Structures are given as C-alpha cells and as structure tokens.
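A.B. asks: what follows is a predicted structure for the sequence shown.
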Amino acid sequence: MTNPRQIAFVALRDVHKGAYADVALDRVLRKFKLPDSDRRLATELVYGSVRRLRTLDALIDQLATKKSHQQPPELRIILHLGFYQLRYQERIPPSAAVNTTVELAKANGFSGLTGFVNGLLRQYIRLSEKSPEPLKLPDNPVERLGILHSFPDWIIQVWLDQIGVAETEKLCEWMNQTPTIDLRINPLRTNLEQVATALESAGILAQRIPHLPQALRLISSTGAMQNLPGFTEGWWVVQDASAQLVSHLLDPQPGELVIDTCAAPGGKTTHIAELMQDQGKIWACDRTASRLRKLQENSRRLNLQSIEICTGDSRNLPQFYNIGDRVLLDAPCSGLGTLHRHADARWRQTPESSQELSQLQKQLLFHTSNFVKNGGLLVYATCTLHPAENEAVISEFLAENLQWQIEPLEASSPYSVYSTPQGWLKVWPHRWDMDGFFMVRLRKTNDSE
Ligand SMILES: C[S@@+](CC[C@H](N)C(=O)[O-])C[C@H]1O[C@@H](n2cnc3c(N)ncnc32)[C@H](O)[C@@H]1O
C-alpha cells in the first residue's frame with residue numbers, strides 16, 4: 001500500500017477505535033515505506049482530520065441527510081478526509097480532493113455510495129464559491145468557536161472566562177497551527193552562535209527567542225532531529241521556549257541540592273543541571289520508570305553528572321523532608337497549553353479528568369513542599385491553561401500553609417514580562433508565540449519569621 005490517503009484512512013480507523021493518533025500513524029508508516037512527500041501528506045491528513053474533527057462532523061451534519069454519528073464509521077472517516085482537503089489544504093486542487101475521496105470510498109467497500117460522496121463534497125465546493133464561510137454557525141459564542149475551530153465547548157468556556165471572546169478566538173487559531181521546534185543549547189558544551197552556524201551549514205535556519213539566553217527556534221523543516229548537527233555531541237535538546245522559562249524561574253545555583261519531583265523525561269532536570277554548572281546534586285523523581293530511562297539517556301547525551309534518579313510516587317518520599325534548597329514540581333496536567341502538539345489531546349481531556357488532576361496536583365504540592373528547607377524555594381508549574389489546576393491549587397495551598405508565600409520576580413528580571421499582578425507567570429500562547437504555561441515561585445519563610 002503506497003497511497004497516502006489510504007494510509008491516512010487506515011491510521012484514522014485505529015484512532016476512531018481509541019488509539020493515540022501518533023501511535024496509530026507511526027504503526028502504519030513503519031509498515032509501508034513511503035516517499036517523503038507522501039509521508040508528509042499522510043501525516044497532515046491524519047493529524048488534521050483528528051484536530052478538526054468537530055468542524056468536519058459539523059459539515060457532514062449540515063450537508064448530509066444523516067448526521068455524522070449516524071453514518072457508517074468508515075464512511076465518516078472518508079468524508080472527514082475529503083472535507084479536510086477541501087477546507088484546509090489549499091495546495092490540493094478541489095477536483096483532486098473530490099476524485100481521490102471517491103476512489104477511497106470505492107476501495108474501502110463503499111462503491112454504492114460514491115455518488116453520495118461526490119455530491120456532498122461538490123455541494124461544499126459550490127457553497128464555498130458563494131460564501132467565504134459555508135459552515136452555518138450558531139450565535140452562542142462558545143458553540144460558535146467550538147464548531148468553527150474544532151474544540152469541545154468546555155475548553156472554550158474555560159478560556160473565554162479568562163480572556164474573553166476575541167482573545168479566545170486568537171488562541172484557538174494559534175492551537176490549530178503546526179507546532180514550532182525550539183532547541184535549548186547546552187552552555188556546558190557549546191554556545192548559541194556555534195549551534196546556529198552548524199545548523200545553517202546543514203541548511204536549517206534558526207532564530208533567537210527574546211529573553212531566553214539558551215533558546216533557538218528552528219524556522220525551516222528539519223527531518224529527523226537525531227541527524228541535526230550537535231545531537232550526538234550533546235549540544236542541545238528540544239525544549240519549547242516556555243518550558244525553558246520554568247528553570248530560569250527556579251534559578252538554581254551551583255552546589256545546591258535541588259529536588260525535581262515530577263522529572264521525566266528530564267527536559268527541566270537537565271536544564272537545572274546546566275544552570276548549576278553541573279555542580280551540586282539534583283534528585284530526579286518520577287513514578288514512571290520508562291520515562292526515567294529517557295531522562296537518563298538525555299542526561300548521558302548532554303554529559304551531565306549531577307543528576308540522581310529516584311523512582312517512586314512523589315506524594316510519599318519522606319527521605320527528602322527539609323533537605324532541598326530548591327524544589328521543582330512540574331505537575332502532571334491536562335495540557336491545555338500544548339494542544340497544538342497532540343492532535344487528539346483536546347478530545348481526550350474532560351472536565352472530570354481536569355478535576356481529578358487538580359486533586360493529584362494538590363496532593364503533590366502539599367507533600368513536596370515538605371522537601372524544602374526553611375528559607376528555600378519551590379516552583380510549581382503546569383503546561384495547562386485551566387485555573388482549577390493552577391491558580392486554585394496555589395490559593396488553596398497558601399491558605400493552609402501560612403509559612404509559604406509567593407515570591408514574585410524582580411521587576412528587573414527579563415522574565416518579568418510574563419508576570420501577573422498576583423505574582424505568578426502565565427504564558428498565553430497567542431500573546432507570546434510559545435506553549436501555554438503557568439508557573440509560580442513560592443518561598444518557605446523561616447519558622448521564626
Ligand atoms: C509534566 S510531566 C514532567 C515533565 C518533565 N518535568 C520535563 O520537563 O521533562 C509530569 C510527570 O509527572 C509524573 N508523575 C505523575 N504523577 C506522579 C507522582 N504521583 N509521583 C511522581 N511522578 C508523577 C509523570 O510520570 C510525568 O513524567
């Protein structure tokens with residue numbers, strides 16, 4: 001099988017049965033060797049159809065007599081692929097999108113329905129010639145944004161409550177873009193200029209990111225990251241700009257003892273080690289052994305010596321009580337700040353899963369705060385944009401732990417541009433063009449204070 005649309009169809013069939021989009025796609029791409037351009041098309045069609053699921057279903061609902069969920073499941077996938085190409089793939093001519101979708105229907109047991117597929121897609125083309133937006137949209141802003149940009153209502157509501165309709169729309173558009181790749185340069189092995197020059201000689205352009213001393217954003221496509229210059233030498237790791245901010249907020253110093261309580265796969269642990277000149281000790285704790293193995297691989301590649309591993313549940317590690325100069329809690333979260341990186345994530349999270357995560361986050365924060373010495377610091381961070389997992393966790397913790405207070409960034413800090421009046425940092429992706437993040441620095445005052 002070498003037809004990229006058929007490959008996309010096979011992967012999507014698995015996704016609709018519950019598989020993760022990246023896993024399903026990887027499985028089918030491994031099985032059938034495709035030229036690069038077909039591989040890219042299959043990838044775009046799978047991720048795009050998953051991401052735009054709600055919008056594509058709305059088109060079926062509007063144009064067909066039977067609603068999307070009443071269609072045979074495989075025909076629904078074929079229609080998604082057709083509408084996706086017509087609506088979002090400008091470089092595919094509409095006639096090619098229609099013809100290939102009709103062929104796909106034929107090849108997959110729907111020969112009797114090719115007229116229906118053809119008619120539906122052509123109806124969409126006719127409507128788009130008459131109006132820039134052929135989709136009928138409700139007036140209610142939550143549903144309107146949800147259908148137009150393909151998000152569940154509850155996520156739209158969470159954002160709308162914080163930033164209003166106009167900004168939520170910008171955020172939705174941002175989250176539907178292809179994600180960028182940022183590198184964090186390892187200053188113990190190289191510097192920004194050397195990496196930028198090496199990348200340029202491999203034909204890859206990179207640009208600096210304001211305020212972040214170790215960050216480079218790749219602005220041309222890369223192929224496999226392991227083949228880029230400097231990978232084996234440990235010159236860099238892939239880490240989004242906003243994730244890099246977290247370790248700067250922690251501001252670890254050489255010789256200190258730092259406990260990273262949810263550390264795997266180690267993006268921030270290795271950054272902390274670099275900022276400490278690899279002097280001192282960092283305990284990297286996580287309950288998932290397989291992810292900790294990745295951390296060890298990363299730390300070996302970057303040639304870092306100061307990291308020690310602890311496999312276990314960070315809600316129960318009394319051996320660390322009162323020994324940490326600094327503690328990082330980069331908590332498991334609903335990931336609403338990184339939805340652009342995982343096409344299916346918006347459909348996997350629910351209000352209930354976010355609620356459960358907020359309970360876990362509170363338990364982790366209440367326990368790991370005991371790891372900090374008097375006078376020490378704890379940074380709490382998540383890559384979500386849900387107040388129940390961020391502001392509410394911190395407010396509840398501070399209300400019950402009077403020895404703790406928020407330590408805002410100094411006004412002179414380059415990172416203070418992300419600060420809020422409450423003292424925490426909140427990165428809204430559409431404002432700063434980086435993943436969504438929440439982070440706050442808390443200080444444990446001395447008992448006597
Ligand atoms: C957001 S990820 C951490 C990312 C990591 N800090 C980095 O920068 O690469 C959250 C991590 O928390 C871990 N985790 C979840 N619950 C945990 C618990 N109760 N104790 C320890 N680790 C936990 C997960 O295995 C996952 O690796």
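C.D. replies: Received the coordinates, thanks. Numbers count the residues shown, from 1 in each chain.
A.B. asks: how far away is residue 93 from residue 138?
C.D. replies: Distance of residue 93 to residue 138, given as CB to CB, to the nearest Å: 32 Å. In short, each C-beta sits where N, CA and C put it, glycine included.
A.B. asks: should've said residue 11
C.D. replies: Counting by CB to CB - residue 11 and residue 138 are separated by 32 Å.
A.B. asks: so those two - more neighbours on which side?
C.D. replies: Legend: neighbour count by other CB atoms under 10 Å for residue 11 and residue 138, higher for residue 11 (28 against 12).
A.B. asks: that one: which element?
C.D. replies: Residue 11 is part of helix 4-16 when elements are defined by DSSP states H and E.
A.B. asks: counting by contacts, list what the following helix or strand past that helix packs against.
C.D. replies: Per DSSP H and E, helix 4-16 leads on to helix 21-31 as the next helix or strand towards the C-terminus. Applying 3 or more CB pairs under 8 Å, 6 or more residues apart in numbering; DSSP states H and E, we find helix 21-31 packed against helix 4-16, helix 36-51.
A.B. asks: give me the number of residues near residue 221?
C.D. replies: When neighbours are counted by other CB under 10 Å, residue 221 comes out with 10.
A.B. asks: kindly confirm my reading that it is in a helix.
C.D. replies: No: under DSSP: H, G, I helix; E, B strand; the rest coil, residue 221 sits outside any helix and is assigned coil.
A.B. asks: list the residues that contact the residue lying closest to residue 97 once chain neighbours are set aside.
C.D. replies: Excluding the flanking residues, the one nearest residue 97 by CB to CB, 6 or more residues apart in numbering is residue 85, at 3.7 Å. Applying CB atoms under 8 Å, 6 or more residues apart in numbering to residue 85 gives the contacts 45, 92, 96-97, 100-101.
A.B. asks: if we go to 10 Å?
C.D. replies: Residues in contact with residue 85 (CB atoms under 10 Å, 6 or more residues apart in numbering) are 5, 41, 44-45, 48-49, 91-94, 96-98, 100-101, 121.
A.B. asks: residue 284 in helix, strand or coil?
C.D. replies: strand.
A.B. asks: tell me the spacing between it and the ligand.
C.D. replies: 9 Å (CB to the nearest ligand atom, to the nearest Å).
A.B. asks: and the stretch 251-400 of the chain, which residues reach the ligand?
C.D. replies: Contact residues, the stretch 251-400 of the chain versus the ligand (CB under 6 Å from any ligand atom): 262-268, 285-288, 291, 313-315, 330, 332, 364.
A.B. asks: swap the cut-off to 5 Å and go again
C.D. replies: Residues of the stretch 251-400 of the chain found near the ligand (CB under 5 Å from any ligand atom) are 262, 264-265, 267-268, 286-288, 291, 313-314, 330, 332.
A.B. asks: show me which residues of stretch 182-200 are buried.
C.D. replies: Across stretch 182-200, burial judged by 16 or more other CB atoms under 10 Å covers 182-186, 189-190, 192, 195-196, 198-199.
A.B. asks: what of stretch 299-316?
C.D. replies: So, applying 16+ other CB under 10 Å, buried residues of stretch 299-316: 299, 301-302, 304, 306-307, 309-310, 314.
A.B. asks: what of stretch 124-134?
C.D. replies: Of the residues in stretch 124-134, 124, 127, 134 count as buried by neighbour count, 16+ other CB under 10 Å.
A.B. asks: which residue is nearest the middle of the protein?
C.D. replies: residue 338 (2.6 Å; CA atoms, centre = their mean).
A.B. asks: which stretches of the stretch 101-250 of the chain form strands?
C.D. replies: Per DSSP state E, counting those that start in this stretch, the stretch 101-250 of the chain carries strands over the ranges 181-185, 206-208, 215-218, 236-238.
A.B. asks: please report how far the residue of the stretch 1-150 of the chain found nearest the ligand lies from residue 29.
C.D. replies: Closest residue of the stretch 1-150 of the chain to the ligand, CB to the nearest ligand atom: residue 20 (16.0 Å). Distance, residue 20 to residue 29, using CB to CB: 14 Å.
A.B. asks: confirm that residue 309 sits in a strand.
C.D. replies: Yes: membership of residue 309 in a strand is supported by three-state DSSP.
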